[in-house]
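A.B. asks: dropping a prediction and its sequence here:
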Amino acid sequence: MNTDSETAGIKGVAFMDGRWMPLAEASVPILDRGFVRSDATYDVAHVWKGRFFRLMDHVERFQASMAGLRMSLPYSAQQLADIMIECASRSGLRDAYVQVTCTRGLPPPGTRDPRLCRNRLYAFAQPFVWIADEAQRREGLRMVLSRTQRIPPESLDQRIKNFHWLDLTMGIFEAYDRDATVAILPAADGTITEGPGFNIFVVKDGVLATPARGLFEGITRRTVIEIARDLQLRCDVRAVHAMEVAEASEIFISSTAGGIMPVTRYEGRPVGDGSPGPLTRRVEELYWRRHEDDALCTPVPYADQAAS
């Protein structure tokens, strides 16, 4: 049972397998395979200034992840979107992080057959989550190349968002142990993949590059690729070797949890002149400007708006 000290200050609203409740009271059954086997998939969208950014893109990706894990829910794409909108609306949060999760569910007593489980939907809204704090977004992050390899896509398709985070979590510990804020995880062949909750872009001679394999293909990453196309900037989606990161003139990461964030030190050395680069700042500016585009945004109907 959660103690008062553990739940104190938790803000938000949850939808737990058909029921609404304060986020502080939400829980998953201990025998749910999502808990005991990491047998789950999820997706996260954010609300910024009262509007979801690319909501249906997140819903469609969530549905694709469920299909990849042979899961299904009795909700249409629009119904899933409506639940996420309702989470944000009930929470009252104008800047929020909204997650939907599908777990395998509870197996019938005496069996471990995943085909016999009823898949369950959980969703919640909480205050906006930042990978980097304000000072780090302004001055840049410190990154290291982790010694922990990313789980290979031959074992688990990383395009399916999942809870297999132990390799990523070890990368977080390693970053802190080495006086850094974030880590990027390598593949066995010496190329890079992704970091805990973010994708990476490197810049060299005015050309962007981002890894193509062994990673979760983020919606923010997709947005950066679209921005580059609009700016007529070359953006290569390909294998990126670790040496290219060390030689980059600019590095930045992309995530729903914070947008575009500069990296100004890599493996203890300055990236470029040690300050956020001009291309990084331009992409960051255009990324947030897209949050003003009605075609990409879904407004949240809040109760206080209806009353006014």
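C.D. replies: Right, received. Where do you want to start? Numbers count the residues shown, from 1 in each chain.
A.B. asks: the closest residue in space to Pro153 that isn't next to it in sequence: what's it in contact with?
C.D. replies: When the adjacent residues along the chain are set aside, Pro153 lies closest to Gly214, with 5.0 Å between them (C-beta to C-beta, 6 or more residues apart in numbering). (Each C-beta comes from the backbone N, C-alpha and C, glycine too.) The contact partners of Gly214, taken as C-beta atoms under 8 Å, 6 or more residues apart in numbering, are Arg150, Pro152, Pro153, Gln158, Ala187, Thr191, Thr193, Glu194.
A.B. asks: and Gly214, how far is that from Glu247?
C.D. replies: 21 Å (C-beta to C-beta, to the nearest Å).
A.B. asks: ok so, going back, among the contacts of Gly214, which ones are buried?
C.D. replies: When those are checked for burial by 16 or more other C-beta atoms under 10 Å, the buried set is Arg150, Gln158, Ala187, Thr191, Thr193, Glu194.
A.B. asks: just flag the most distant two among those residues.
C.D. replies: Checked with C-beta to C-beta, the buried ones among the contacts of Gly214 reach their widest spread between Gln158 and Thr191, with 13.2 Å between them.
A.B. asks: and Arg222, how close does it get to Asp294?
C.D. replies: Separation of Arg222 from Asp294 (C-beta to C-beta): 19 Å.
A.B. asks: if you count surrounding residues, which of these two has more?
C.D. replies: It is Arg222, of Arg222 and Asp294, that has more neighbours when counted by other C-beta atoms under 10 Å, with 15 against 8.
A.B. asks: the more buried one: which element?
C.D. replies: Secondary-structure assignment from DSSP states H and E places Arg222 in helix 219-230.
A.B. asks: tell me the secondary structure of Glu285, please.
C.D. replies: Following DSSP: H, G, I helix; E, B strand; the rest coil, Glu285 is assigned to helix.
A.B. asks: who's in contact with Leu69?
C.D. replies: Contact analysis of Leu69 by C-beta under 8 Å, 6+ apart lists Asp39, Thr41, Ile160, Asn162.
A.B. asks: nearest residue to Arg147 in space, please, no chain neighbours.
C.D. replies: Nearest non-adjacent residue to Arg147, counting by C-beta to C-beta, 6+ apart: Glu174, 6.6 Å away.
A.B. asks: identify the farthest-apart pair in the contacts of Leu69.
C.D. replies: Largest separation among the contacts of Leu69 by C-beta to C-beta: Asp39 and Ile160, giving 11.9 Å.
A.B. asks: show the end-to-end separation of stretch 235-242, please.
C.D. replies: End-to-end distance for stretch 235-242, by C-alpha to C-alpha, to the nearest Å: 17 Å.
A.B. asks: which of Asp39 and Ile160 has more neighbours?
C.D. replies: Asp39 (21 against 17).
A.B. asks: my guess is the more buried one contacts Thr103. True?
C.D. replies: Yes: if you go by C-beta atoms under 8 Å, Asp39 and Thr103 touch, sitting 6.6 Å apart.
A.B. asks: joint contacts of these two?
C.D. replies: Joint contacts of Asp39 and Thr103 (C-beta under 8 Å, 6+ apart) are Arg33.
A.B. asks: residue contacts, Glu250?
C.D. replies: By C-beta under 8 Å, 6+ apart, the residues touching Glu250 are Val202, Val203, Pro262, Val271, Gly272, Pro276, Gly277, Leu279, Thr280.
A.B. asks: let's go with 10 Å and repeat that
C.D. replies: Taking C-beta atoms under 10 Å, 6 or more residues apart in numbering, we find Glu250 in contact with 140, 201-204, 206, 208, 262-264, 271-272, 275-281, 283.
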